[in-house]
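Novice: next come a sequence and a model predicted from it.
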Amino acid sequence: SRIIESGTSDVRILLGRASAFRKTGENEKALSDLESFLSIYPENTEALSMKGNIYLINGDNLKALEVFTRNLNLHPSNPAMYIDRANSYFASRSWQWAINDYSMSLDLNPNNSDVWINKGISLVNSGKTTEACHDFRKALSLGNKRASDFINRNCIK
């Protein structure tokens, strides 16, 4: 804050302070810094992702989806953009939308075991247990130990 108040010309420091504010739960201050930063760098992936995640934490899923969709439209080849939006759909229990975005992320990066698990959970909640078991097994094959709990709970009969 002192560096910013001293009149530094490096606006990237706002992104760092926004991250610090977010970690301390000062989300409104973080959003303010992100707005200032995004007024200069409106397409910055990290800032948009952080802004969307703050909205998600604050329970404003519609604003989160708006920001995540904007980030995704700007950076469609980045799997993290699909994960952000899928997580927002997941939080709102929009299972099919979450499945679609998790699938797109996995098309771009099939080695993310956490995404395989989240997609599997979304599939279970959609009544597609057989497909979910495939995803849980894929996560386990990638070394994700949490997957065994989901396999035991949903796939062993």
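Specialist: Looks like it came in fine. Residues are numbered from 1 along each chain as shown.

Novice: what helix or strand does Ile13 sit in?
Specialist: Remark: Ile13 resides in helix 12-23, with elements defined by DSSP states H and E.

Novice: quick one: buried residues of that helix?
Specialist: Buried residues in helix 12-23, counted by 16 or more other C-beta atoms under 10 Å: Leu14, Leu15, Arg17, Ala18, Ser19, Phe21, Arg22. For every residue, glycine as well, the C-beta is placed using N, CA and C.

Novice: give me the pLDDT for Lys23.
Specialist: We have a pLDDT of 94 for Lys23.

Novice: sorry, slip of the keys, the one I care about is Phe37.
Specialist: 89.

Novice: same check, this time on the one 3 residues further on
Specialist: According to the per-residue confidence, Ile40 scores 87 in pLDDT.

Novice: same question, the one 5 residues further on
Specialist: Model confidence at Thr45, expressed as pLDDT, equals 96.

Novice: that one: neighbour count?
Specialist: Neighbourhood size, Thr45 [other C-beta atoms under 10 Å]: 15.

Novice: next one: the residue lying closest to it once chain neighbours are set aside from Gly59, what distance?
Specialist: Residue nearest to Thr45 in three dimensions, not counting chain neighbours: His75, with 5.5 Å by C-beta to C-beta, 6 or more residues apart in numbering. For His75, the distance to Gly59 equals 25 Å [C-beta to C-beta, to the nearest Å].

Novice: between the two, which is the more surrounded one?
Specialist: Higher neighbour count among His75 and Gly59: His75, with 17 against 9, using other C-beta under 10 Å.
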